[in-house]
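*Asks:* 3D model of this:
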Amino acid sequence: MSFPKTSIKSAEFKERIYTAYIVEFENAVFGFFFEKDKVMIGTIAIATPKTGLTPSTSTIVFGHKNMNLARLLAEYLSSKFNKIAFSSVFIYNGDDVHISKVLLELIRGLE
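*Replies:* Residues are numbered from 1 along each chain as shown. The predicted structure follows:
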């Protein structure tokens, strides 16, 4: 049995620290995005990758506060890894477009 691959990366923006924690399984990838040291489950989204016959799809499973950001990150992870992707976003001020850019840059830098 092999254990899933994990990656973690943090960045500071406007005196706040944002963290991306990625867990990659053989058929899926989980992304946990949080602020400061608050490692908590937030708004959850799931996305499936594009196949030859179907377009990519995504939906919110739980929560509402960071739903646009959660969907965006799930869709990006699904596209990047070509797997089912789950994202959990626990960010206090998730409406800021700059935070979206910070989190996307974090996962772009992860292997």
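
*Asks:* check the model's average confidence along stretch 72-79 for me.
*Replies:* The average pLDDT within stretch 72-79 is 93.

*Asks:* try stretch 100-111
*Replies:* Rounded mean pLDDT across stretch 100-111 is 82.

*Asks:* same thing with stretch 40-57?
*Replies:* Average pLDDT, stretch 40-57: 89.

*Asks:* how about the helices in the protein?
*Replies:* When assigned using DSSP state H, the helices of the chain occupy the ranges 67-81, 97-108.

*Asks:* adding distance to V39 and mean neighbour count, write those helices out as a markdown table.
*Replies:* C-beta here means a position set from N, CA and C on the backbone, and glycine is covered the same way. Listed next are these as a markdown table, based on distance: least, C-beta to C-beta, whole Å; neighbours: other C-beta atoms under 10 Å:
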| stretch | distance to V39 | mean neighbour count |
| --- | --- | --- |
| helix 67-81 | 16 | 22 |
| helix 97-108 | 15 | 16 |
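
*Asks:* closest one to R16 among the ones you listed?
*Replies:* helix 97-108 (8.7 Å; C-beta to C-beta).

*Asks:* tabulate the helices of the chain (CSV), appending distance to T51.
*Replies:* Output for the helices of the chain, formatted as CSV (distance: least, C-beta to C-beta, whole Å):
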stretch, distance to T51
helix 67-81, 11
helix 97-108, 22
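
*Asks:* looking at these, which is nearest to F13?
*Replies:* Per C-beta to C-beta, nearest to F13 of those: helix 97-108, 4.8 Å.

*Asks:* contacts for the closest one next, please.
*Replies:* Residues from elsewhere that reach helix 97-108, judged by C-beta atoms under 8 Å, 6 or more residues apart in numbering: 9-11, 13-14, 18-20, 22, 31, 33, 69, 72-73, 76-77, 80, 89, 91, 93.
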